[in-house]
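Visitor: no sequence on this one, just coordinates:
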């Protein structure tokens, strides 16, 4: 099956899941109380409330928004991959093209898995929240277990992307950079890729830990909506560090 047809079938399947998710909301909406628990703390106890109408609209809009996001990113990546798949004219060029295509295939497989798993995760959480609100004392149970299964399902696809990336780097060796450069510019597109110095890996690890701990802390507070501005600030911090300690970015297409 060609990649384009596979992508179309996957997008259709993902949109079908979104329709199924909307159907479950429409089915249960009349049975929900006028005020429903919309956010639950780490112990599963509700700490946020909203109207039934707002909850139902949000429960339909969130999976639809994620589906559009994953579908759009996948289509853009596929179009870029078709543009960046040259015809090999030598053995060395053939190895580079093969590594490039394998890298693109692994990323697309990850996008397929991540998009489907994320939509299913949202559907399960919405169903769990609905069932909790149908009881006098709403409690969201097994949330941690559901999230753990989600991460376990995605782990092999992440590992495949990392392995293909390492193979890609061996097939496309890069010129050495000065020691004060922590991040190499992307080989395709604009921006920065993974670190090329241990200092960059330390920053990247600390940034990931800081982002995770910050989100957990905010979710445990009474202002979970601060997650979005916090993530934005962390993204700005990473861009500033990459700009100061990274290779000068420019549009590149394998050069």
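Guide: Looks like it arrived, so ask away. None of these values were measured; they are calculated from a predicted model.
Visitor: how near is residue 19 to residue 54?
Guide: Applying C-beta to C-beta, to the nearest Å, the value for residue 19 to residue 54 is 21 Å. Glycine gets a C-beta too; all of them are placed from N, C-alpha and C.
Visitor: Strands of the stretch 51-200 of the chain, start to end?
Guide: Assignment of strands within the stretch 51-200 of the chain using DSSP state E, counting those that start in this stretch yields the ranges 183-185, 188-189, 192-195.
Visitor: Identify all contacting residues around the longest one.
Guide: When contacts are taken as C-beta atoms under 8 Å, 6 or more residues apart in numbering, the neighbours of strand 192-195 outside the stretch itself are 165, 182-187, 200-201, 203-204, 242, 246-247, 249.
Visitor: before we move on, back to that, ranking the strands of the stretch 51-200 of the chain by burial, who's on top?
Guide: strand 183-185 (a mean of 22; mean count of other C-beta atoms under 10 Å).
Visitor: For it, give the mean pLDDT please.
Guide: Mean pLDDT, computed over strand 183-185, is 82.
Visitor: Please name every helix or strand in contact with it.
Guide: Applying 3 or more C-beta pairs under 8 Å, 6 or more residues apart in numbering; DSSP states H and E, we find strand 183-185 packed against strand 192-195.
Visitor: So what's the gap between the strand it packs on and the chain middle?
Guide: Strand 192-195 sits 17 Å away from the centroid of its parent chain (C-alpha atoms, centre = their mean, to the nearest Å).
Visitor: Then stretch 53-61?
Guide: Relative to its parent chain, stretch 53-61 has a centroid offset of 22 Å by C-alpha atoms, centre = their mean.
Visitor: again, but for stretch 186-200
Guide: In terms of C-alpha atoms, centre = their mean, the centre of stretch 186-200 is set 19 Å apart from its chain centre.
Visitor: where do the helices sit along the stretch 1-150 of the chain?
Guide: Taking DSSP state H, counting those that start in this stretch as the test, the helices found in the stretch 1-150 of the chain are 3-28, 52-83, 91-133, 143-171.
Visitor: Please work out which of those helices is packed deepest.
Guide: Ranked by mean neighbour count, those are led by helix 91-133 with a mean of 18 (mean count of other C-beta under 10 Å).
Visitor: Helix 3-28 and that one, what's the angle between them?
Guide: If you take axes from the mean of the first three to the mean of the last three C-alpha atoms, to 10 degrees, helix 91-133 sits at 10 degrees to helix 3-28.
Visitor: sorry, back to before: among the strands of the stretch 51-200 of the chain, which comes closest to residue 10?
Guide: Nearest to residue 10 among the strands of the stretch 51-200 of the chain is strand 188-189 (22.7 Å), distances taken as C-beta to C-beta.
Visitor: mean confidence score for that closest one?
Guide: 66.
Visitor: separation between residue 137 and residue 33?
Guide: 12 Å.
Visitor: meant to ask about residue 43
Guide: Distance from residue 43 to residue 33, by C-beta to C-beta: 21 Å.
Visitor: Same check on residue 140?
Guide: On the measure of C-beta to C-beta, residue 140 and residue 33 end up 16 Å apart.
Visitor: Which one of those two is surrounded by more residues?
Guide: Between residue 140 and residue 33, counted using other C-beta atoms under 10 Å, residue 140 has the larger neighbour count: 20 against 12.
Visitor: got the contact list for that one?
Guide: Counted by C-beta under 8 Å, 6+ apart, residue 140 has contacts 37, 40, 44, 46, 128, 129, 132.
Visitor: and the residues you listed, which two are the farthest apart?
Guide: Distance extremes for those: the farthest pair is 46 and 128 at 12.2 Å, using C-beta to C-beta.
Visitor: one step back: export the helices of the stretch 1-150 of the chain to a markdown table and append columns for mean pLDDT and distance to residue 196.
Guide: Shown next, in a markdown table, are the helices of the stretch 1-150 of the chain (pLDDT from 0 to 100; distance: least, C-beta to C-beta, whole Å):
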| stretch | mean pLDDT | distance to residue 196 |
| --- | --- | --- |
| helix 3-28 | 84 | 31 |
| helix 52-83 | 80 | 23 |
| helix 91-133 | 78 | 18 |
| helix 143-171 | 79 | 10 |
